[in-house]
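Trainee: missing the sequence, but the structure's below:
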């Protein structure tokens, strides 16, 4: 069993940056990938980035490619999402999840409660 906690959300102006953190505790061997997802008001949850447990395979959604960067921390159970050039449309609750390879939405077994990112002037 894994417990997942996100942090780092907040209010930022358009064009600004934020870094989200994800820390997993518990049976940290029970996953193949770590993903960041987001859900904006009135919209479905979407995958925005995924990193394999080894850190060798990384994917980004087209909407964030070139602006966001996912990375593993020095501690195996920590993952970061650096978000640059933020836009108002990036406003959402951001979730970290651990689960199956390539981070399929329905195949992520462990979810955090989310952290709110608001991009507004």
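Mentor: In hand now; what should we look at? All figures in this text were calculated on a predicted structure; none of them were measured in a lab.
Trainee: which element is residue 23 on?
Mentor: Following DSSP states H and E, one finds residue 23 within strand 18-26.
Trainee: same question, residue 97
Mentor: strand 92-99.
Trainee: so how many other residues sit close to residue 40?
Mentor: 14 (other CB atoms under 10 Å). C-beta here means a position set from N, CA and C on the backbone, and glycine is covered the same way.
Trainee: whoops, I mixed them up, residue 45
Mentor: Other residues close to residue 45 by other CB under 10 Å number 16.
Trainee: and the residue lying closest to it once chain neighbours are set aside, what are its bridge partners?
Mentor: Spatial nearest neighbour of residue 45, excluding adjacent residues (CB to CB, 6 or more residues apart in numbering): residue 39 at 4.2 Å. Residue 39 forms beta bridges with residue 93, as assigned by DSSP bridges.
Trainee: quick one, what contacts the residue nearest to the spatial centre of the chain?
Mentor: Note on the chain: the residue nearest the mean C-alpha position is residue 36, at 2.3 Å, using CA atoms, centre = their mean. Going by CB atoms under 8 Å, 6 or more residues apart in numbering, residue 36 touches 20, 22, 47-50, 68, 70, 79, 81, 94-97.
Trainee: Quick check: the two most widely separated of those?
Mentor: 68 and 97 (15.9 Å; CB to CB).
Trainee: So if I had to pick from the two, which one is more boxed in?
Mentor: The neighbour comparison of residue 68 against residue 97 (other CB under 10 Å) goes to residue 97, with 26 against 20.
Trainee: thought that one was touching residue 113?
Mentor: No. Between residue 97 and residue 113 there is no contact under CB atoms under 8 Å: 11.1 Å.
Trainee: What does the spatially closest residue to residue 16 that is not a sequence neighbour show for phi and psi?
Mentor: Once flanking residues are discounted, residue 16 sits nearest to residue 86: 5.4 Å by CB to CB, 6+ apart. Phi and psi for residue 86, reported as degrees, to the nearest 10, are phi -70, psi 140.
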